[in-house]
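Asks: I'll drop the sequence and a predicted model, then ask my questions.
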Amino acid sequence: MEQLRSTSSAAISSVSHRQERADLAAAFRWAARLNFHEGVANHFSVAVNEAGTQFLMNPNQSHFSRIKASDLILVDANDSETMNRPNAPDPTAWGLHGALHRQCQHARVALHVHSIHATILSTLRNPRLPPIDQNCAMFFNRYAIDTEYGGLAFEEEAERCCQQLSDPNKKVLIMCHHGVMVIGEDVADAFNRLFYFERAAETYIKALWTGQPLNVLSDEVAEKTAKELEGYPGQAQRHFAELRAILDTEEPDYAT
């Protein structure tokens, strides 16, 4: 990954980060295709320096389906003047992603959405995701829950919320009454996790609809399954490569 030579605005603006830009733009396009997005809200980010504090994110009030690699803005989580600069990000996007990239160096990529089934899960009195199938087991003991919703994720709310992801073993944050935040080592890793979390939440919600008792896997089998999926060779990268290949044919402007 390219390294930033300094933290000055001039140095930040001079770095292109082509790979990260193209990957994140592809993630936006596919989130729109999968109906994970919501209007011109929601936001993704990818860290581009070693400390993780400088990151690319979507510009304010842009629809996911139209975002291009060159549209992404580059900001510094430690720059207190960010919201006073031209082309400032959405205030809640700055709150959440700034807080996360300051607090959690391991969160190289952060994807925040209000996808339908993950959001439904976040509204339940018990928002836990039981391991009722293989996809649900993928997240066994690997998510955190924030139950203290206090309004829009401006900086104070965001700082509190993102503390829930300080444990490197927790890669998903169920944000009660709000949505979900998924983190990863790179865009492919994070997007694959977002895709499967939404599928797992959908399975669970629809299982509840039946009114039948749930057949929950044992903790031992759930943990074994989660570890096997974590070690499955190249799955996230291959999944995302296929998604990018489709876009290369059908929406090649995403990478420009």
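Replies: Sure thing, it's come through. Numbering: from 1, shown residues only.
Asks: now for this protein, the helix or strand with the poorest mean pLDDT.
Replies: The weakest-scoring helix or strand in the chain, judged by mean pLDDT, DSSP states H and E, is helix 9-14 (a mean of 38).
Asks: so for the helix or strand just after that one, what's the average pLDDT?
Replies: For helix 9-14, the following helix or strand on the C-terminal side (DSSP states H and E) is helix 18-33. The average pLDDT within helix 18-33 is 97.
Asks: can you check stretch 179-191 too?
Replies: 97.
Asks: please save the CA atoms from that stretch in CSV.
Replies: Extracted as CSV, the C-alpha positions of stretch 179-191 are listed here (Å, rounded to 0.1, in the frame of the first residue of the first chain):
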residue,chain,number,x,y,z
GLY,A,179,-27.9,-0.4,11.4
VAL,A,180,-24.6,-2.2,11.2
MET,A,181,-20.9,-1.4,10.9
VAL,A,182,-18.6,-4.0,9.4
ILE,A,183,-14.8,-3.8,9.4
GLY,A,184,-12.1,-5.7,7.6
GLU,A,185,-8.5,-6.0,6.6
ASP,A,186,-9.2,-4.7,3.1
VAL,A,187,-12.2,-3.9,1.0
ALA,A,188,-12.7,-7.5,-0.2
ASP,A,189,-12.6,-8.9,3.3
ALA,A,190,-15.0,-6.2,4.7
PHE,A,191,-17.5,-6.5,1.7
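Asks: residues of that stretch that come out buried?
Replies: The neighbour-count check on stretch 179-191 (16 or more other CB atoms under 10 Å) flags 179-184, 186-191 as buried. To be clear about C-beta, it is placed using only N, CA and C from the backbone, and glycine gets the same treatment.
Asks: could you do stretch 221-230 as well?
Replies: Buried residues in stretch 221-230, defined by neighbour count with 16+ other CB under 10 Å: 222-223, 225-226, 229.
Asks: next: stretch 125-135.
Replies: For stretch 125-135, burial by neighbour count (16+ other CB under 10 Å) applies to 127, 129-135.
Asks: quote the end-to-end distance of it.
Replies: 22 Å (CA to CA, to the nearest Å).
Asks: try stretch 177-188
Replies: 27 Å.
Asks: next one: stretch 170-177
Replies: With CA to CA as the measure, stretch 170-177 spans 19 Å from end to end.
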